[in-house]
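S.K.: Dropping the sequence and predicted coords here.
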Amino acid sequence: MLQDRANLEDQIQHKSSQVLDLTQKVAVHKHGTEVTRKATEEVRQENKRLRDRIGDLEESVAFYKGVMDPSRNVRGLKIDSFELLSTGDVKRFRYKFVLTQVADNSRYVEGSVRFDLVGTLNGTKKTLALAQISLLEESAGEKFRFKYFQDFSGELTLPEDFIPEQVIIVAQSKGRGAVRLEEMFDWPKQENKEHVRQG
């Protein structure tokens, strides 16, 4: 019986050593799996970021090609990349757009640009100038002077009970060969108010 007991104790010690070894292998495997999962997720996120960056760069290249290669476009002033972005406040929005000169770009073009918001206020059709709804004081009619393009951006606050429908941007150049450009953009629908982009 003593011999059997000693043999069993030896077996228990051996099995315990095996269990410990297997437990360590499982822990290493679990750790390796977690590291692999995290690395895979990081690679996926990096790929997404790089794809987004490539998309942005392709848009930029297309934009610059349009500005620098007038043979591809109708000549004159053009509004590119009009965007409205939500600020988190349902009444406040950021806007931005780019005014370009599609010509031979050998001279500067100058003039002024106006931004109007069309909608309804208490059931009545109303047009609001940017000066009435902008958080900037110098928004009555922004001046422009550029050879290739100029960015415009700012914030606007919608009046209480005002339902926006469209944005109208009017650019008027001056001097020889003066041109007037007027473009209309629909206000984004309620379910898509986070971001709207129109070329």
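M.R.: Good, I have the coordinates. Numbers count the residues shown, from 1 in each chain.

S.K.: Show me the shaky parts of the chain.
M.R.: 63-75, 103-106, 135-141, 190-199 (pLDDT under 70).

S.K.: Which parts of it are helices?
M.R.: 2-68, 130-133 (DSSP state H).

S.K.: Pick the most buried one from these.
M.R.: With neighbours taken as mean count of other Cβ atoms under 10 Å, the helices of the chain reach their highest mean count in helix 130-133, at a mean of 18. To be clear about C-beta, it is placed using only N, CA and C from the backbone, and glycine gets the same treatment.

S.K.: which helices and strands does that one pack with?
M.R.: When contacts are defined as 3 or more Cβ pairs under 8 Å, 6 or more residues apart in numbering; DSSP states H and E, helix 130-133 packs onto strand 109-121, strand 149-157.

S.K.: okay, now residue 147: neighbour count?
M.R.: Residues near residue 147, counting by other Cβ atoms under 10 Å, number 13.

S.K.: Over to the one 10 residues further on?
M.R.: Summarising burial for residue 157: neighbours were counted as other Cβ under 10 Å, giving 15.

S.K.: With residue 162 instead?
M.R.: Look at residue 162: counted by other Cβ under 10 Å, it has 17 neighbours.

S.K.: From residue 49, how far off is it?
M.R.: 38 Å (Cβ to Cβ, to the nearest Å).

S.K.: and what of residue 111?
M.R.: For residue 111 relative to residue 49 (Cβ to Cβ), the value is 39 Å.

S.K.: Equivalent analysis for residue 167, please.
M.R.: For residue 167 relative to residue 49 (Cβ to Cβ), the value is 31 Å.

S.K.: Over to residue 89?
M.R.: 28 Å.

S.K.: Residue 85 now?
M.R.: Applying Cβ to Cβ to residue 85 and residue 49 gives a distance of 20 Å.

S.K.: do residue 129 as well
M.R.: For residue 129 relative to residue 49 (Cβ to Cβ), the value is 40 Å.

S.K.: What of residue 55?
M.R.: From residue 55 to residue 49 the distance is 11 Å (Cβ to Cβ).
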